[in-house]
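Peer 1: only the shape, not the letters, is given here:
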């Protein structure tokens, strides 16, 4: 099929369409009913079917003759360690961990919190939970005790799986003391904590509660776990969205829809099959790591890379290129922020040129808007398609993309290309009416959402309705704004609260950032709207310079103001751009525009649990509160 044929079939005959896609999954009881549109708060897919996600990710590949094919490569840029797991070896490890969890009293439906660094055991733990039907909740390794405690109290796990430490380029981060502190402030207490002891730091164990990973997963100690038969609608995992501190919001993903959607997306969006090596440079603490480090590649029988390190500083800006060259990576997926970090240190791509990247077929970027300048740099340096695509924790897989496995389309810099089959994307005005092509508005997805998307918020259906389904009845609210052009290409301009009102004109700060990013001195930028007594709001720019660039701040500010005026017009009202050392971000690389805006407006921002370094935001306080 062409893209348009497949897309319109997915919307016009969704049950027939997803019945066909479900054929790629191995079911214990095949689905007869494809969609229950009456389920609350969101429709449920394949409600009468049963399966096991781990079986689909591991067992069936071993059974079908791929036991020796590489399933998972662990690559630590910090320690130099490399481990390759065949499908047979990975299955053996997962079954042993699953057997240990069962021995600790974990049954189908029980929760297990995973608080691990980026090591192979993190993926093994997730798959072991899926194997026995436990619901895993991965918490980003190194989260502060208060945030970990909130997630423990919400998920109420039977067991916590953790480690003695995590590693960064220049330091060892002790996890166990943070876990102990989290449990000290938690109302809920797990029965056991299983600790992966790493050689860089040995943790002290609490007698009667703490067990060593190596001890309880010894071969022959416990019976390896077989695959539980689970309803397609049973929860596979809970993943908490980043946000300000307070009661966490746990997105729930089910087994059946998830397996079908990820299998479809690997083939259709990413063009990944069983002979590919996929390197998703993210973390299993994020949805990207769930979908495209662990589950997605394994569901299609590909090889996945679990990477411990950063894009720069472990030891240099060629860290990713070493992974690609060493393991024959065909598809690389990360965030624009990481590419900008590499470009900042190695703007001419000299380190990149030292490595054989001939295996690389495509670079996918998501998580933040891909500015045209970063797109152009990556395209020129890598000489492969650079694909922007857009999705969310809540959707679990791409909403809009350039479909490399179906019908690759011309790239339009700044656009995530077109809606993926299954996603009925619409642009609405404040009254809920659809707008004309080229007109900005709120991006929503008409119900029912396709398989693999959120089914509810853990323990609180009403919160799901209030958060996502009430603003525009019959639609899921993405919280992002943008427009669709005359060719059907979707342009995501940022969160709707990043649209500012300057003297009655609604302007996207993302559009201004796209212009500023084209200046050759700028490595990263952010534009925020700050309160103004005359105009309501005015934009204010912050930029980080590329390494080695020397330019007078006033000269650069004037040049950037003139650039925005020329590209967008005087109505933009940009008058000030400051050079800063760094921009505050979450650990996944999203710039904290809301926190900066609150500082500039004289408020104390509520810091998200996922903030990378609070000191970066604090360093901006004098600048942002010092007036215009």
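Peer 2: That came in fine, so what should we check first? Just so it is clear, the structure is predicted and the values come from calculations on it, not from any experiment.

Peer 1: in the helix or strand hosting residue 128, what counts as buried?
Peer 2: Secondary structure assignment for residue 128, by DSSP states H and E: helix 120-132. Within helix 120-132, the residues that qualify as buried are 120-132, counting by 16 or more other C-beta atoms under 10 Å. All C-beta spots, glycine's among them, are computed from the backbone N, C-alpha and C.

Peer 1: tell me the contacts of residue 462?
Peer 2: residue 41 (C-beta atoms under 8 Å, 6 or more residues apart in numbering).

Peer 1: check which helix or strand covers it.
Peer 2: Following DSSP H and E, the helix or strand that holds residue 462 is helix 461-464.

Peer 1: then residue 541?
Peer 2: Assigned by DSSP H and E, residue 541 falls within strand 536-545.

Peer 1: can you list the residues that contact the next helix or strand after that strand?
Peer 2: Using DSSP H and E, the helix or strand that follows strand 536-545 in sequence is helix 553-567. Contacts of helix 553-567 with the rest of the structure, by C-beta under 8 Å, 6+ apart, involve 512, 515-516, 518-519, 521-522, 541, 543, 572, 574-579.

Peer 1: contacts for the helix or strand that helix 553-567 is followed by, please.
Peer 2: Note on helix 553-567: by DSSP H and E, the next helix or strand toward the C-terminus is strand 577-579. Contact with strand 577-579 is made by 516, 540-545, 553, 556-557, 560-561, 623, as judged by C-beta under 8 Å, 6+ apart.

Peer 1: now these: which count as buried?
Peer 2: Listed as buried from the contacts of strand 577-579 are 516, 540-545, 556-557, 560-561; burial here means 16+ other C-beta under 10 Å.

Peer 1: any chance of the residues you listed in a markdown table with pLDDT and distance to residue 180 as columns?
Peer 2: Shown next, in a markdown table, are the buried ones among the contacts of strand 577-579 (pLDDT from 0 to 100; distance: C-beta to C-beta, whole Å):
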| residue | pLDDT | distance to residue 180 |
| --- | --- | --- |
| 516 | 93 | 45 |
| 540 | 92 | 43 |
| 541 | 94 | 44 |
| 542 | 95 | 38 |
| 543 | 95 | 42 |
| 544 | 94 | 37 |
| 545 | 94 | 42 |
| 556 | 95 | 48 |
| 557 | 94 | 48 |
| 560 | 95 | 48 |
| 561 | 93 | 52 |
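
Peer 1: now, which of the residues you listed sits nearest residue 327?
Peer 2: Minimum distance to residue 327 across the buried ones among the contacts of strand 577-579 is 31.2 Å, recorded for residue 544 (C-beta to C-beta).

Peer 1: bridging residues for the closest one?
Peer 2: Residues in a beta bridge with residue 544, per DSSP bridges, are residue 524.

Peer 1: that one against residue 591, yeah?
Peer 2: No - here residue 544 lies out of contact with residue 591, judged by C-beta atoms under 8 Å, at a distance of 10.4 Å.

Peer 1: ignoring the adjacent residues along the chain, who's closest to the spatially most central residue of the chain?
Peer 2: For the chain, the residue nearest the mean C-alpha position is residue 288 (3.3 Å; C-alpha atoms, centre = their mean). Among residues not flanking residue 288 along the chain, residue 282 sits closest, at 4.0 Å (C-beta to C-beta, 6 or more residues apart in numbering).

Peer 1: since we're on the one you found, how many residues are nearby?
Peer 2: 24 (other C-beta atoms under 10 Å).

Peer 1: return the distance of residue 315 relative to residue 78.
Peer 2: 9 Å (C-beta to C-beta, to the nearest Å).

Peer 1: I misspoke; the intended subject was residue 197.
Peer 2: Residue 197 sits 17 Å away from residue 78, going by C-beta to C-beta.

Peer 1: grab the longest helix from the protein for me.
Peer 2: Longest helix of the chain, by residue count under DSSP state H: helix 87-103.

Peer 1: show me which of residue 315 and residue 78 is the more surrounded one.
Peer 2: Ranked by neighbour count (other C-beta under 10 Å), residue 315 and residue 78 place residue 78 first, with 21 against 13.

Peer 1: quick revisit: thought residue 290 was touching the residue nearest to residue 288, still the case?
Peer 2: No - if you go by C-beta under 8 Å, residue 282 and residue 290 don't touch, sitting 9.4 Å apart.

Peer 1: helix/strand/coil for residue 459?
Peer 2: Secondary structure, DSSP: H, G, I helix; E, B strand; the rest coil: residue 459 is coil.

Peer 1: how many neighbours does it have?
Peer 2: For residue 459, the count of nearby residues is 12 (other C-beta under 10 Å).

Peer 1: please name the residues that touch it.
Peer 2: Taking C-beta under 8 Å, 6+ apart, one finds 154, 250 in contact with residue 459.

Peer 1: and the gap between it and residue 153?
Peer 2: Residue 459 is 11 Å from residue 153, by C-beta to C-beta.

Peer 1: and the strands in the stretch 51-200 of the chain?
Peer 2: 70-76, 82-86, 111-115, 135-138, 159-163, 165-168, 171-174, 192-196 (DSSP state E, counting those that start in this stretch).

Peer 1: JSON lines for those, including mean pLDDT, mean neighbour count and distance to residue 489?
Peer 2: Shown next, in JSON lines, are the strands of the stretch 51-200 of the chain (pLDDT from 0 to 100; neighbours: other C-beta atoms under 10 Å; distance: least, C-beta to C-beta, whole Å):
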{"stretch": "strand 70-76", "mean pLDDT": "98", "mean neighbour count": "22", "distance to residue 489": "35"}
{"stretch": "strand 82-86", "mean pLDDT": "98", "mean neighbour count": "16", "distance to residue 489": "40"}
{"stretch": "strand 111-115", "mean pLDDT": "98", "mean neighbour count": "27", "distance to residue 489": "38"}
{"stretch": "strand 135-138", "mean pLDDT": "98", "mean neighbour count": "26", "distance to residue 489": "34"}
{"stretch": "strand 159-163", "mean pLDDT": "98", "mean neighbour count": "27", "distance to residue 489": "43"}
{"stretch": "strand 165-168", "mean pLDDT": "94", "mean neighbour count": "22", "distance to residue 489": "39"}
{"stretch": "strand 171-174", "mean pLDDT": "93", "mean neighbour count": "14", "distance to residue 489": "42"}
{"stretch": "strand 192-196", "mean pLDDT": "98", "mean neighbour count": "23", "distance to residue 489": "45"}
